[in-house]
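Q: got a predicted structure here, sequence first:
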Amino acid sequence: MSNSAPIFLRADNSPWEEQGDAIRAALFGELVKVGHDVVKHYHSDIYHDATWVQEYVDGPMTFYYAVRDTGTSIGTDLALVDRIAAAATYRVDLSENRGRWTVTIREVN
């Protein structure tokens, strides 16, 4: 995947506190799409990705996501996420413009 077009997640002018869970869920769905056909073992990493998104995504931000056949890695530090051998690593940009939330996912290696 080398998507550079923003993916629409949600349009809502209500505060983050009211729509954050819906945005996180839509964002996580896009991450699952990235790793679905790659991860063959340790699918439990995807559970940890969901908990990371729930804990750390609290508005517009950039983070990195690596996928390989034996799981995933997620975080805001590219060097830590990218240390996995044979991984495809992605930069994930979550942004908001006038209540319209999008995510852009670009491969970085």
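A: Perfect, I can see it now.
Q: for the protein, just list every one of the strands.
A: Taking DSSP state E, the strands of the chain run over residues 7-11, 61-68, 71-75, 88-97, 100-107.
Q: contacting residues for residue 74?
A: Residues counted as contacts of residue 74 (C-beta atoms under 8 Å, 6 or more residues apart in numbering) are 31, 48-49, 52-53, 63-66, 81. All C-beta atoms are positioned from the backbone trio N, CA, C, and that covers glycine.
Q: center of the chain, which residue is that?
A: Residue closest to the mean C-alpha point of the chain, counted by C-alpha atoms, centre = their mean, is residue 31 at 4.7 Å.
Q: gap between it and residue 59?
A: From residue 31 across to residue 59, the span is 17 Å (C-beta to C-beta, to the nearest Å).
Q: sketch out the low-pLDDT regions of the chain for me.
A: The chain contains residues with pLDDT under 70 at 1-3, 85-86, 109.
Q: any idea what residue 105 is bridged to?
A: Taking DSSP bridges as the rule, residue 105 bridges to residue 92.
Q: oh, I was asking about residue 7
A: Residue 7 has these beta-bridge partners by DSSP bridges: residue 103.
Q: that one reaches residue 100, doesn't it?
A: No - judged on C-beta atoms under 8 Å, residue 7 makes no contact with residue 100 at a distance of 11.6 Å.
Q: show me the contacts for residue 83.
A: residue 73.
Q: for it, grab phi and psi.
A: The phi and psi values for residue 83, taken as degrees, to the nearest 10, are phi -70, psi -10.
Q: so how far is residue 35 from it?
A: 17 Å.
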